[in-house]
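1. Whatever this is, show me its structure:
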Amino acid sequence: MTPSKKGMARVRFIALKDVITKELEQGYNRTDIFQKHHDALLMSYSQFTRHIQKFIVQPSVARSTNVQPIPNLVATPRSTIEEQPSPKRHSFTARPVHFDPDPDPDKIRHWLSPAPKD
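-> Residues are numbered from 1 along each chain as shown. Below is the predicted model of the structure:
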């Protein structure tokens, strides 16, 4: 690959977008399409698949499902959003920590002893 200005690979992909779309619809797999157009695209295969996802797959999914834009929550005043705790979760309560700097020697022996065999 020869180095080029940033964004030129995207421009070359968009120029071939209709051809690539037709080949995908005809059943060609992405690797065959990439190998066929590699000299014209001058990009890596991973970038090629990202461009397919971004410029071919996602726009057709958005058209077919009638996706509505998500309202901007930043513009919504804070006072209109009511915060209610989830009924499934309980509020956090801290448990006391019992730290003994001089543990019982019997407990230490028990911790370091091998597990009993059944």
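2. Just list what the helix or strand containing His38 packs against, helices and strands only.
-> With elements taken from DSSP states H and E, the one containing His38 is helix 30-41. The helices and strands touching helix 30-41, judged by 3 or more Cβ pairs under 8 Å, 6 or more residues apart in numbering; DSSP states H and E, are helix 8-15, helix 17-26, helix 45-52. Heads up, the C-betas are built off the backbone N, CA and C, glycines and all.
3. Would you convert these into TSV that also reports mean neighbour count and distance to Phe99?
-> Putting the helices and strands packed on helix 30-41 into TSV (neighbours: other Cβ atoms under 10 Å; distance: least, Cβ to Cβ, whole Å) gives the following:
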stretch	mean neighbour count	distance to Phe99
helix 8-15	15	59
helix 17-26	14	63
helix 45-52	15	51
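4. Including mean pLDDT and distance to Gln35, could those helices go into a markdown table?
-> Formatted as a markdown table, those follow (pLDDT from 0 to 100; distance: least, Cβ to Cβ, whole Å):
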| stretch | mean pLDDT | distance to Gln35 |
| --- | --- | --- |
| helix 8-15 | 92 | 15 |
| helix 17-26 | 93 | 12 |
| helix 45-52 | 93 | 9 |
